[in-house]
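In: sequence and predicted structure are below.
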Amino acid sequence: EDKVVQSPLSLVVHEGDTVTLNCSYEVTNFRSLLWYKQEKKAPTFLFMLTSSGIEKKSGRLSSILDKKELFSILNITATQTGDSAVYLCAGLNSGYSTLTFGKGTMLLVSP
Amino acid sequence: NAGVTQTPKFQVLKTGQSMTLQCAQDMNHEYMSWYRQDPGMGLRLIHYSVGAGITDQGEVPNGYNVSRSTTEDFPLRLLSAAPSQTSVYFCASRATGEGGYTFGSGTRLTVV
């Protein structure tokens, strides 16, 4: 059975802090690791990581995949209150193109 | 482009009633999926489709049916609603090749 585990489950930081969110995965026919941000509505796409060791960046957010250790991290630097959300990690199966999600990390950034 | 459109946004059903949650996408995506999201459980796959006419079960398919007669539409049918089906339902679609799934805005379903 495919499994994705995220840690921590919740996190409270002060504005300006840097945070690292973790994601480990066991996905059959693994193709890619995806990160989403969810703010009380639909998840919005952040990153798709397919190759190991290549960092993807978007503003203050960055992510990297380690296919040997079956692990990914999402970094957020200089956090802002608008970063408060649930961050979801999901493994993409190459055969049927389905996603297996972790339970998410709830991030709260206090002013 | 509208992206992925789900209707209705909210629905209250009585136990035993049936209904269809609608999902349509205008991006010509081959892959479509239905997920349910429950507190503490994350997003769980109900059914998915890899193209028109092809569907299969995900992790939690019991009590739900799907069909995919066109590329654009992927309705989810609740056959006989149960309180355990109270949840938020998301439809999502993806193109072949690179790129993630795009999610609809969700349907909040309450079964009483």
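Out: Structure received. Residues are numbered from 1 along each chain as shown, chains lettered A, B, ... in the order given.
In: which ones are touching B:Trp34?
Out: For B:Trp34, the contacting residues are B:21, B:23, B:45-48, B:58, B:64, B:66, B:74, B:76, B:89-92, by Cβ atoms under 8 Å, 6 or more residues apart in numbering or on different chains. Bear in mind the C-beta positions are built from the backbone N, C-alpha and C, glycine included.
In: does the residue nearest to it when sequence neighbours are not counted belong to a helix or a strand, and which?
Out: Nearest non-adjacent residue to B:Trp34, counting by Cβ to Cβ, 6 or more residues apart in numbering or on different chains: B:Ile46, 4.3 Å away. Using DSSP states H and E, B:Ile46 sits within strand B:42-51.
In: give me the pLDDT for the spatially most central residue of chain B.
Out: Centrality entry for chain B: nearest residue to the mean C-alpha point is B:Trp34, 3.1 Å, by Cα atoms, centre = their mean. Looking at B:Trp34, its pLDDT reads 98.
In: now it: how far from B:Leu21?
Out: From B:Trp34 across to B:Leu21, the span is 8 Å (Cβ to Cβ, to the nearest Å).
In: list residues touching both of those two?
Out: Between them, B:Trp34 and B:Leu21 share these contacting residues under Cβ under 8 Å, 6+ apart: B:Leu76, B:Tyr89, B:Cys91.
In: before we move on, the earlier item: bridging residues for the residue nearest to the centre of chain B?
Out: With DSSP bridges applied, B:Trp34 shows beta-bridge pairing to B:His47, B:Cys91.
In: ok, back up a step: how about the contacts made by the residue nearest to B:Trp34?
Out: Contacts of B:Ile46 by Cβ under 8 Å, 6+ apart are B:Ser33, B:Trp34, B:Tyr35, B:Arg36, B:Gly58, B:Glu59, B:Val60, B:Pro61, B:Tyr64, B:Val66, B:Leu76, B:Tyr89.
In: do the same with A:Ser32
Out: The contact partners of A:Ser32, by Cβ under 8 Å, 6+ apart, come to A:Met48, A:Leu49, A:Thr50, A:Gly91, A:Leu92.
In: which of these tops the neighbour count?
Out: Among those, the one with the most neighbours (other Cβ atoms under 10 Å in any protein chain shown) is A:Gly91, at 26 neighbours.
In: tell me the secondary structure at that one.
Out: Here A:Gly91 is recorded as strand under DSSP: H, G, I helix; E, B strand; the rest coil.
In: for it, which residues are in contact?
Out: Contacts of A:Gly91 were listed using Cβ under 8 Å, 6+ apart, and they are A:Asp2, A:Val4, A:Tyr25, A:Glu26, A:Val27, A:Phe30, A:Ser32, A:Leu33, A:Leu34, A:Leu99, A:Thr100.
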